[in-house]
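Engineer: Fold the following for me, if possible:
(one chain, ligands or ions: 1)
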Amino acid sequence: MLSYRHGFHAGNPADVFKHTVLVALVQAMQHKDKGIRFIDTHAGPALYDLESEAALKNREFERGIGRLWAESPASGPRAEYQALVAAHNPDAALRFYPGSPLLLRSLLRPQDDLVLCELHPTEQKALAGRFGRDRQVSLHADDGYEALDRFLPPPTGRGLVLIDPSFEIRTEIADLTAALQQALGRFGHGVYAIWYPVIDGRDTTPDRMPAVLGLHGEQWLDLRVEFPADQRLGRMSGCGMAIVNCPFRARQVLTEMHAQWG
Ligand SMILES: C[S@@+](CC[C@H](N)C(=O)[O-])C[C@H]1O[C@@H](n2cnc3c(N)ncnc32)[C@H](O)[C@@H]1O
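Structural biologist: Next up, the predicted model:
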């Protein structure tokens with residue numbers, strides 16, 4: 001039984017980084033008209049109330065979206081992300097935080113579609129309430145790794161897979177590696193974005209994440225950030241996104257954004 005609930009962490013510095021990268025990646029890919037299939041293998045419940053008991057327990061959002069919200073408008077990819085968060089807070093005060101399914105949904109064009117997988121029954125219910133009647137979104141109460149086989153390759157030949165596990169089970173890295181390698185076998189030129197935590201200055205693994213995932217050379221872009229001391233989340237001192245087959249346009253935007261992060 002899964003015990004992790006993202007509601008305790010929504011909007012924290014790791015989410016802000018992950019979601020800013022995600023938005024920039026999607027927008028760079030959408031420069032071409034052809035439809036894109038987006039797959040979120042670990043979706044979570046999509047929208048978080050920052051006044052809920054869970055969010056207020058450790059108030060992690062204050063170190064992440066709370067800080068960004070208080071700053072003057074950002075530029076570049078951060079501005080796009082800020083605008084999407086603002087769209088879910090019409091009263092101008094920060095109360096709700098959109099997770100990856102909602103950010104992706106907000107960015108869908110008519111020719112795109114979105115596949116969401118989630119294993120936790122409570123989160124599945126939240127997703128069904130929000131997207132159950134949405135014809136561009138398909139919901140799957142399944143293991144996200146297994147679902148990749150069914151949804152790849154996308155019909156248009158273009159796709160982005162977000163893999164955002166909670167890293168709560170011992171075999172996570174092995175499962176993730178096997179699923180990624182299998183997915184690459186089915187859809188070798190797909191774009192895959194994998195979030196991972198950095199613990200006490202080290203990956204969850206002894207080596208850099210892309211190497212652990214069996215990736216080599218130019219095919220991936222590894223972006224990682226160290227949080228400033230006052231934004232650290234317990235032992236989580238930073239996080240990263242390993243992006244496989246990062247499109248050229250996105251690579252430029254993301255590399256620039258990463259250099260200015262902080
Ligand atoms: C880190 S949270 C996802 C947050 C979300 N992607 C976001 O950015 O807003 C991870 C989610 O994956 C779910 N989960 C864990 N293992 C899973 C699996 N093998 N397949 C699908 N969902 C899983 C958990 O229940 C949890 O809701």
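Engineer: what's around Pro121, how many residues?
Structural biologist: Look at Pro121: counted by other CB atoms under 10 Å, it has 10 neighbours. Glycine gets a C-beta too; all of them are placed from N, C-alpha and C.
Engineer: List the residues that contact it.
Structural biologist: For Pro121, the contacting residues are Ala141, by CB atoms under 8 Å, 6 or more residues apart in numbering.
Engineer: How much space separates it from Ala92?
Structural biologist: Relative to Ala92, Pro121 is positioned 34 Å away (CB to CB, to the nearest Å).
Engineer: Equivalent analysis for Val244, please.
Structural biologist: On the measure of CB to CB, Val244 and Ala92 end up 38 Å apart.
Engineer: Could I get the contacting residues of the residue of the chain found nearest the ligand?
Structural biologist: Evaluated by CB to the nearest ligand atom, the chain has Gly99 as its residue closest to the ligand, separated by 2.5 Å. Residues in contact with Gly99 (CB under 8 Å, 6+ apart) are 6, 10, 15, 19, 43-48.
Engineer: now, which of these lie within helices?
Structural biologist: Judged by DSSP state H, those include 15, 19 as members of helices.
Engineer: By neighbours, which of the contacts of Gly99 wins?
Structural biologist: Busiest of the contacts of Gly99 [other CB under 10 Å] is Ala43, holding 30 neighbours.
Engineer: Confidence-wise, which helix or strand of this protein is lowest on average?
Structural biologist: strand 202-203 (a mean of 64; mean pLDDT, DSSP states H and E).
Engineer: who in this structure is up against the ligand?
Structural biologist: Contact residues, the chain versus the ligand (CB under 6 Å from any ligand atom): 2, 4, 6, 40-44, 99-100, 117-120, 123, 143-145, 164-166.
Engineer: re earlier: now the two most distant members of the contacts of Gly99.
Structural biologist: The largest separation in the contacts of Gly99, counting by CB to CB, is between His19 and Pro45 at 14.7 Å.
Engineer: Keep only those of the contacts of Gly99 that are in strands.
Structural biologist: Using DSSP state E, the subset of these located in strands is 47-48.
Engineer: Let me have the contacts of Gly99 in JSON lines, extended by pLDDT and distance to Val26.
Structural biologist: Putting those into JSON lines (pLDDT from 0 to 100; distance: CB to CB, whole Å) gives the following:
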{"residue": "His6", "pLDDT": "94", "distance to Val26": "20"}
{"residue": "Ala10", "pLDDT": "98", "distance to Val26": "19"}
{"residue": "Asp15", "pLDDT": "98", "distance to Val26": "16"}
{"residue": "His19", "pLDDT": "98", "distance to Val26": "11"}
{"residue": "Ala43", "pLDDT": "98", "distance to Val26": "15"}
{"residue": "Gly44", "pLDDT": "97", "distance to Val26": "17"}
{"residue": "Pro45", "pLDDT": "97", "distance to Val26": "20"}
{"residue": "Ala46", "pLDDT": "96", "distance to Val26": "16"}
{"residue": "Leu47", "pLDDT": "97", "distance to Val26": "18"}
{"residue": "Tyr48", "pLDDT": "98", "distance to Val26": "20"}
